[in-house]
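Novice: This is a predicted model, with the sequence first.
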Amino acid sequence: MASARRSESGKKKILIVNCYFDDCRGSVRRSRKVPYAMGPVYLAGACSSQCDVRLYNEVASGPLEDKHLLGWPDMLVLTGLTNGFDRMLHLTAYARSRNPRVIVVAGGPPVRALPALSRRFFDYACTGDIEQLREVIIDAFGQAFATDQMVPRYDLAYWIGTTGHVEASRACNFHCSFCSLTGEGRKYQSYPLDDLRRQIVAMGPKKRLFFVDNNFYGVDRRVFAARVGLVKQMRQEGYFTDWGALVTNDFFHADENLERVRDAGCRLLFSGVESFDSAWLRDVNKLQNVQRSPAELITRCLEAGIMFAYGLILDVTTRRIADLRRELDFIVGTPEIPLPGFLTLPIPLLGTPFFRECLARGAFLPETKLRDMDGSTLVLRPLDPIDEAVGFLRDFLALRGYRRRALVHAVRFANRYRSTLSLLQITLALGSAGLLCADGLITGRRWGSLSSRIRRRTHITTTEALDPMYTPAFRVASQYEWYFKPTMVTDATGTLTTELAELAVPAADQPSVVTV
């Protein structure tokens, strides 16, 4: 490994970036999009005081195209969602063009799904958890540049406002077929209470706290009770006023759970409803959602004084559009439950059982791009004619055809729960309709940066135009030209490309260590 430069102070310079493509296909900022990207904050905890560390979040700040910042680090650390893999390649090309000696480290879901491909581009392709960055730093720079104990660097997270984010556990104890965690096969882990306290103390006093766990509830009821007890104690100590978390549906099966978290100051719970169709839920192995009526559980949560948030997957690949419209009709016609916070197409995330199932039945469209696995682009063949599916997609992305009923729903919802929920909680519930109808205004998009080409989206991966970010923002070395080519999942026949051939091998047969 080539030796890295040092700053004048003798410190190693490390830039950690959360890589991101926006759904609108433009160079935009989403400064108010929640939950916040926290990967860089936790990764920065691996760097000792001998490092000069900077963070950049492309969600909040837009695409990183500052050639001076990209030429600054000795080490560039990249993380992000699966469809952000190409964005990692772009930043790698920029950084190496500006500084050929830079060490590039990449991790997260796309690298774990594509370890062999990742080794072609990055100096370190990390398939482990965030702690692996310590090993990388020690290998590249030496022991003195890594911390002994990782603590999130909230002080560097410029995009975080009055809502703090912490994590009490990892992975999930359920195995939904479409979830990347299922594809990775990781076991559910709870953090020790001392570690959780350390995170909250490092975060400092915030107005609100949100747990970004995949499942705050978990499998051990004693651990859960102790966790909630600590949260209650730290709330009383003044670290935050109220809090929220993500839980699985089994949390709501015991009445005492709602009472326990409400007493500890919980005011919002997010749970993956995904669909009100029990047959579809069984098909995707989301069995924890079929034991009780979702509407009944949601209502019980709201009546307990806790706001309930959820998302909805509109699977045009296995359900008819008419059926999906009936589901939307049910939701906007039921003021006992809030509107979903987001609507999405099913995403066949790499390496998941759902991905392999779609591959086996030839469900992928020709020339599917990895970048297009964003929930707003058709990458799978719909049951109905594709033009009808696109029309439905455009409608539900903007709640077109449902806006008047959504307004009526909002009024009825507010009237029903005005004595149960606080004004803030009702505002959050009504914000779901706003997110669906005017997402850009609420999350902070800058519409002036959108070109006419971007606004004319086809919503079909085969014909969808690439983002402007696929054109280099400044001159890069010629050997990195191919870094700006889209990563293709399927070829012109809809068959898995040779570039992604490693996905044809079961995850259990792949090597567990792929650092170089």
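Specialist: That came through, no problem.
Novice: C-alpha only now, for contacts and for neighbours.
Specialist: OK.
Novice: Which residue ranges of this protein form strands?
Specialist: 12-19, 51-57, 75-80, 103-106, 124-125, 163-166, 169-170, 189-190, 208-211, 242-246, 266-270, 307-309, 311-313, 342-344 (DSSP state E).
Novice: Pass me the low-pLDDT residue ranges in this structure, would you?
Specialist: 1-9, 432-455, 505-516 (pLDDT under 70).
Novice: Need the residue closest to the centroid of it.
Specialist: Note on the chain: the residue nearest the mean C-alpha position is L81, at 6.0 Å, using Cα atoms, centre = their mean.
Novice: in stretch 106-126, what's buried?
Specialist: By neighbour count, with 16 or more other Cα atoms under 10 Å as the criterion, the buried positions of stretch 106-126 are 106-119, 121-126.
Novice: my bad, stretch 32-52
Specialist: So stretch 32-52, judged by 16+ other Cα under 10 Å, has buried residues 32-33, 36-48, 51-52.
Novice: what about P152, how many residues close to it?
Specialist: 23 (other Cα atoms under 10 Å).
Novice: was I right about it contacting C47?
Specialist: No. The pair P152 / C47 is not scored as a contact, 10.2 Å apart, by Cα atoms under 8 Å.
Novice: got a list of what G164 touches?
Specialist: Applying Cα atoms under 8 Å, 6 or more residues apart in numbering, one finds that G164 lies in contact with M203, K206, K207, R208, L209, F210.
Novice: Ranking by neighbours, what's the top pick from those?
Specialist: Neighbours here mean other Cα under 10 Å. Within the contacts of G164, the largest count is held by L209, at 24 neighbours.
Novice: Do I have it right that that residue meets M234?
Specialist: No. Counting by Cα under 8 Å, L209 stays clear of M234, with 10.8 Å between them.
Novice: overlap in contacts of the two?
Specialist: F240.
Novice: Contacts for stretch 59-71 next, please.
Specialist: Contacts made with stretch 59-71 from outside it, assessed by Cα under 8 Å, 6+ apart, are listed as 18-22, 27-33, 37, 56, 58, 91, 94-96, 98-99, 159, 469, 473-474.
Novice: The same query, at a cut-off of 7 Å, please.
Specialist: Residues from elsewhere that reach stretch 59-71, judged by Cα atoms under 7 Å, 6 or more residues apart in numbering: 20, 27-31, 58, 94-95, 98-99, 159, 473.
Novice: still on that earlier bit, in TSV, list the contacts of G164 along with distance to L496.
Specialist: Shown next, in TSV, are those (distance: Cα to Cα, whole Å):
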residue	distance to L496
M203	44
K206	47
K207	48
R208	45
L209	42
F210	39
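Novice: Of these, which is the nearest to G185?
Specialist: Using Cα to Cα, F210 comes nearest to G185 of the contacts of G164, at 25.4 Å.
Novice: And that closest one, how close does it get to R198?
Specialist: Remark: distance between F210 and R198 (Cα to Cα, to the nearest Å) = 15 Å.
Novice: again with E135
Specialist: In this view, E135 and R198 are 22 Å apart by Cα to Cα.
Novice: same check, this time on G401
Specialist: 48 Å.
Novice: do the same with S478
Specialist: In this view, S478 and R198 are 46 Å apart by Cα to Cα.
Novice: ok, now P110?
Specialist: To R198, P110 is 29 Å away according to Cα to Cα.
Novice: Could you do P468 as well?
Specialist: Counting by Cα to Cα, the gap between P468 and R198 amounts to 41 Å.
Novice: Equivalent analysis for T299, please.
Specialist: Separation of T299 from R198 (Cα to Cα): 35 Å.
Novice: neighbour-wise, which of the two wins?
Specialist: Under the criterion of other Cα under 10 Å, the comparison of T299 against R198 puts T299 first, with 17 against 13.
Novice: burial count for the residue lying closest to I103 once chain neighbours are set aside?
Specialist: Nearest residue to I103 in three dimensions, chain neighbours excluded: M75, at 4.6 Å (Cα to Cα, 6 or more residues apart in numbering). Counted with other Cα under 10 Å, the neighbours of M75 add up to 24.
Novice: Was I right to think L246 contacts L268?
Specialist: No. The criterion here is Cα atoms under 7 Å, and L246 misses it with L268 at 8.8 Å.
Novice: Please name the residues that touch the residue nearest to the centre of the chain.
Specialist: Taking Cα under 7 Å, 6+ apart, one finds G108, P109, P110 in contact with L81.
Novice: how about those in JSON lines, adding distance to V273?
Specialist: Formatted as JSON lines, the contacts of L81 follow (distance: Cα to Cα, whole Å):
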{"residue": "G108", "distance to V273": "25"}
{"residue": "P109", "distance to V273": "23"}
{"residue": "P110", "distance to V273": "25"}
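Novice: circling back to that earlier point, can you add distance to G333 and give the strands of the chain back as a markdown table?
Specialist: Below are the strands of the chain laid out as a markdown table (distance: least, Cα to Cα, whole Å):
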| stretch | distance to G333 |
| --- | --- |
| strand 12-19 | 38 |
| strand 51-57 | 38 |
| strand 75-80 | 37 |
| strand 103-106 | 46 |
| strand 124-125 | 48 |
| strand 163-166 | 32 |
| strand 169-170 | 36 |
| strand 189-190 | 39 |
| strand 208-211 | 30 |
| strand 242-246 | 26 |
| strand 266-270 | 21 |
| strand 307-309 | 17 |
| strand 311-313 | 16 |
| strand 342-344 | 17 |
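Novice: how about the ones you listed, which one is nearest L383?
Specialist: Using Cα to Cα, the strands of the chain put strand 311-313 closest to L383, at 15.3 Å.
Novice: which residues are contacting the closest one?
Specialist: Against strand 311-313 from outside (Cα under 7 Å, 6+ apart): G272, V273, E274, S275, P340, G341, F342, L343, T344, L345, P346.
Novice: again with stretch 224-242
Specialist: By Cα under 7 Å, 6+ apart, stretch 224-242 touches 193, 204-209, 217-218, 261, 264-267.
Novice: Tell me how many other residues crowd M469.
Specialist: A count of nearby residues for M469, using other Cα under 10 Å, gives 18.
Novice: ok, now the one 5 residues further on?
Specialist: A count of neighbours around F474, defined by other Cα under 10 Å, yields 10.
Novice: and if you look at G494?
Specialist: Residues within reach of G494, counting by other Cα under 10 Å, total 18.
Novice: likewise the one 5 residues further on?
Specialist: Other residues within reach of E499, judged by other Cα under 10 Å, total 14.
Novice: And for L181?
Specialist: L181: 23 surrounding residues under other Cα under 10 Å.
Novice: could you measure it against M488, distance?
Specialist: L181 sits 22 Å away from M488 when distances are taken as Cα to Cα.
Novice: about what we covered before: so which of the contacts of stretch 224-242 wins on neighbours?
Specialist: Most neighbours among those, by other Cα under 10 Å: Y217, with 27 neighbours.
Novice: give the contact list for the nearest residue to it once chain neighbours are set aside.
Specialist: Leaving aside its sequence neighbours, Y217 sits nearest to V247 (Cα to Cα, 6+ apart; 5.6 Å). Taking Cα under 7 Å, 6+ apart, we find V247 in contact with N215, F216, Y217, L269, F270, S271.
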